[in-house]
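# okay, structure incoming, though there's no sequence with it:
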């Protein structure tokens, strides 16, 4: 039974997270398309964590080199993604006062 | 330690989800990115103590990690701070490509590594290989997208990269990458040259896919690559057994796919149309000849017309952003509002470089978002507008899209500027728009052309309105 559960658990995660992503984005106004794309771009910067694990486990110089590249690129994704999104979103203001 | 890390990853996933949800509404959007950012910092910090790393206890690897984060993060931070708002789409593309590259790098390490007594099961190897292909395609494709939008010389001519049988060549490269991937995953024997060739093919496919696509279609492609990277991250998350990567990756994969479809719809294109055909091939036959004449108007006269209008609709295009005239436009709008006029900004879905880009540019100038209307909200209102001011926009206000079946842009939704009582068009010269066709609007009886640099013309309009007192 346990084997069955552990086989299906990732499939449930896949389904639920997929639906969630769809629901979050649907009905979003066009004015936010660019910042939101940038925001989702930032979120997959979590790849940095995986690259850190890959580099941490590296044994040979080649693995270390590729792992190093991975962490460098992942950090670029996360940091760059955050700051461009933040720069865009901080400019959105209503004429009826600031955000709450 | 394992429990602490899993708890933090869970928290991170929750912060990402709530952050994205907040980002989808203008009033809460700012806080959304901060929530998601907090989640990212937590996950990164705690990952230094990840059991898979500490078990290895290699000081050299820790040092490399810190150096890589400092370099990658530093360059990206600097790039994000200095980039002009007009260049935002290509910046997003390059950061997205970096994420795809990182996912491919994880796969490369996992495939090359000697797992000793515990070889990775075939199912995991298949996911590693799939993530590697998708990540590598996203990486090289995004680099090409960046080059095109940045208008680097090498990428400038789209036609140069089109050749007969292109689709077949691309399909062959893709098939080669998939075949090699299957061999690598099923044979269990990771040979360096085979893995290298596999990555070369995957990278080549990404570049080949993006090269022939024109700059105007790039936003859809960037958005697609964004979804690709999400998927690649999720797949590598399964390989590493990393729950934060799995959940974040899948959410970006599905939301990115939806965003891609919505963007394509806003641009009146289908995704397959963008990927497998090109703009030039769409227009068939000669467009109808345009009759009438261009009627110029001097800025002082335009200012008078504007000053006595009770309703003004401004239609900005990318040309306005290039001329950096958005601040002046808002200054002028405030003057008109003080005089009691209603001012609205009408944004076409493809104004700027991608849907929503123009809103960002106007927001930069301080225009509140509730003054900005999209095409469905504003199109009925043009008939009641005294003046419609078109600044740096062309094809998106061309009535040929509505009534000339032979025009290459026929069927594209346009802003019905020609219904306004008076139309003023601020334009640099007499050239045609991106689609390369004449605009009947400019020749219409109620249209006046105000020639000159957008920023200078608007400054003259402001002066003209002020002179009226």
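Structure received. Predicted, not measured: the structure shown is a model, and the values here were computed from it.

# where does residue A:1 land on pLDDT?
In the prediction, the pLDDT value recorded for residue A:1 is 59.

# now do residue B:332
The confidence metric pLDDT takes the value 94 at residue B:332.

# can you name the residues that contact residue 33?
Defaulting to chain A. Residue A:33 sits next to B:259, B:262-263, B:266, B:354-356 when contact means C-beta atoms under 8 Å, 6 or more residues apart in numbering or on different chains. For every residue, glycine as well, the C-beta is placed using N, CA and C.

# please refer instead to chain B.
Residue B:33 neighbours (C-beta under 8 Å, 6+ apart): A:39, A:42, A:82, A:85-86, A:89, B:19, B:23.

# work out for me the element it sits within.
Secondary structure assigned from DSSP states H and E places residue B:33 in helix B:29-47.

# which residues in the stretch 201-350 of chain B form helices?
With helices called from DSSP state H, counting those that start in this stretch, the stretch 201-350 of chain B shows them at B:218-240, B:243-266, B:271-276, B:279-282, B:299-307, B:318-322, B:326-338.

# quick one: mean pLDDT over the shortest one.
Right, the one you point to is helix B:279-282. In this model, helix B:279-282 has an average pLDDT of 44.

# could you do stretch B:393-409 as well?
So the average pLDDT for stretch B:393-409 ends up being 81.

# next, the distance between the ends of that stretch.
Counting by C-alpha to C-alpha, to the nearest Å, you get 15 Å between the two ends of stretch B:393-409.

# how about that stretch: buried residues?
B:393-402, B:404, B:407-409 (16 or more other C-beta atoms under 10 Å in any protein chain shown).

# that one near chain A at all?
No - using C-beta under 8 Å from any C-beta of the partner chain, stretch B:393-409 never reaches chain A; the gap is at least 13.6 Å.

# which residues of chain A score low on pLDDT?
A:1-3, A:94-100 (pLDDT under 70).

# er, chain B I mean
Low-confidence segments of chain B, defined by pLDDT under 70, span residues B:1, B:156-159, B:189-190, B:277-291, B:431-436.

# out of the contacts of residue B:33, list just those in helices.
Among the contacts of residue B:33, the ones falling in helices (DSSP state H) are A:39, A:42, A:82, A:85-86, A:89, B:19, B:23.

# helices of chain A, start to end?
Under the criterion DSSP H, helices of chain A are mapped to A:2-25, A:33-43, A:47-56, A:61-89.

# give me the next element, helix or strand, following the helix holding residue B:33.
helix B:51-54.

# check the buried residues of stretch B:393-409 and tell me the two furthest apart.
Of all pairs drawn from those, the widest gap by C-beta to C-beta lies between B:393 and B:404 and measures 18.3 Å.

# need the outlier residue of chain B, farthest from its centre.
Relative to the mean C-alpha coordinate of chain B, counting by C-alpha atoms, centre = their mean, the farthest residue is residue B:117 (45.8 Å).

# any idea how far chain A is from that one?
Spatial separation of residue B:117 from chain A under the definition C-beta to the nearest C-beta, to the nearest Å is 15 Å.

# phi, psi for that residue please.
The phi/psi pair for residue B:117 (degrees, to the nearest 10) reads phi -80, psi -10.

# for the one 5 residues further on, same thing?
Summarising the backbone geometry of residue B:122 under the convention degrees, to the nearest 10, its torsions are phi -60, psi -40.

# measure it to residue B:256 for me?
For residue B:122, the distance to residue B:256 equals 28 Å [C-beta to C-beta, to the nearest Å].

# who's more crowded, the two?
Between residue B:122 and residue B:256, counted using other C-beta atoms under 10 Å in any protein chain shown, residue B:256 has the larger neighbour count: 28 against 12.

# quick one: that one from chain A, how far?
According to C-beta to the nearest C-beta, residue B:256 stands 6 Å off from chain A.

# now do residue B:83
With distances taken as C-beta to the nearest C-beta, residue B:83 is found 7 Å from chain A.

# make JSON lines from the contacts of residue A:33 and add neighbour count and distance to residue B:5 to it.
Putting these into JSON lines (neighbours: other C-beta atoms under 10 Å in any protein chain shown; distance: C-beta to C-beta, whole Å) gives the following:
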{"residue": "B:259", "neighbour count": "26", "distance to residue B:5": "31"}
{"residue": "B:262", "neighbour count": "21", "distance to residue B:5": "36"}
{"residue": "B:263", "neighbour count": "27", "distance to residue B:5": "36"}
{"residue": "B:266", "neighbour count": "21", "distance to residue B:5": "41"}
{"residue": "B:354", "neighbour count": "26", "distance to residue B:5": "37"}
{"residue": "B:355", "neighbour count": "29", "distance to residue B:5": "38"}
{"residue": "B:356", "neighbour count": "29", "distance to residue B:5": "36"}
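
# so which of these also contact chain A?
Taking C-beta under 8 Å from any C-beta, the overlap between these and the neighbourhood of chain A is B:259, B:262-263, B:266, B:354-356.

# tell me the contacts of residue B:125?
Residue B:125 is in contact with B:111, B:184-186, B:188, counting by C-beta under 8 Å, 6+ apart.

# rerun at 6 Å
residue B:185 (C-beta atoms under 6 Å, 6 or more residues apart in numbering or on different chains).

# hmm, back to that, could you dump the ones in helices among the contacts of residue B:33 into a markdown table with neighbour count and distance to residue B:60 added?
Listed next are the ones in helices among the contacts of residue B:33 as a markdown table, based on neighbours: other C-beta under 10 Å; distance: C-beta to C-beta, whole Å:
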| residue | neighbour count | distance to residue B:60 |
| --- | --- | --- |
| A:39 | 30 | 35 |
| A:42 | 33 | 30 |
| A:82 | 27 | 28 |
| A:85 | 33 | 34 |
| A:86 | 19 | 34 |
| A:89 | 26 | 39 |
| B:19 | 26 | 35 |
| B:23 | 29 | 39 |
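
# which of the residues you listed sits closest to residue B:79?
Out of these, the one with the shortest distance to residue B:79 is residue A:82. That distance is 12.1 Å, counting by C-beta to C-beta.

# contacting residues around the closest one?
With contact set as C-beta under 6 Å, 6+ apart, residue A:82 has these partners: A:42, B:37.

# number of residues surrounding residue B:109?
26.

# tell me the secondary structure at it.
Using DSSP: H, G, I helix; E, B strand; the rest coil, the three-state assignment for residue B:109 comes out as helix.

# ok, the closest residue to it other than its chain neighbours to residue B:64 distance?
For residue B:109, ignoring the flanking residues on the chain, the nearest one in space by C-beta to C-beta, 6 or more residues apart in numbering or on different chains is residue A:54 at 4.2 Å. To residue B:64, residue A:54 is 11 Å away according to C-beta to C-beta.

# higher neighbour count, these two?
Summary of the neighbour comparison: residue A:54 and residue B:64, criterion other C-beta under 10 Å, with residue A:54 having more neighbours (32 against 20).

# so that one touches residue B:106, yeah?
Yes - between residue A:54 and residue B:106 there is a contact under C-beta atoms under 6 Å: 4.6 Å.
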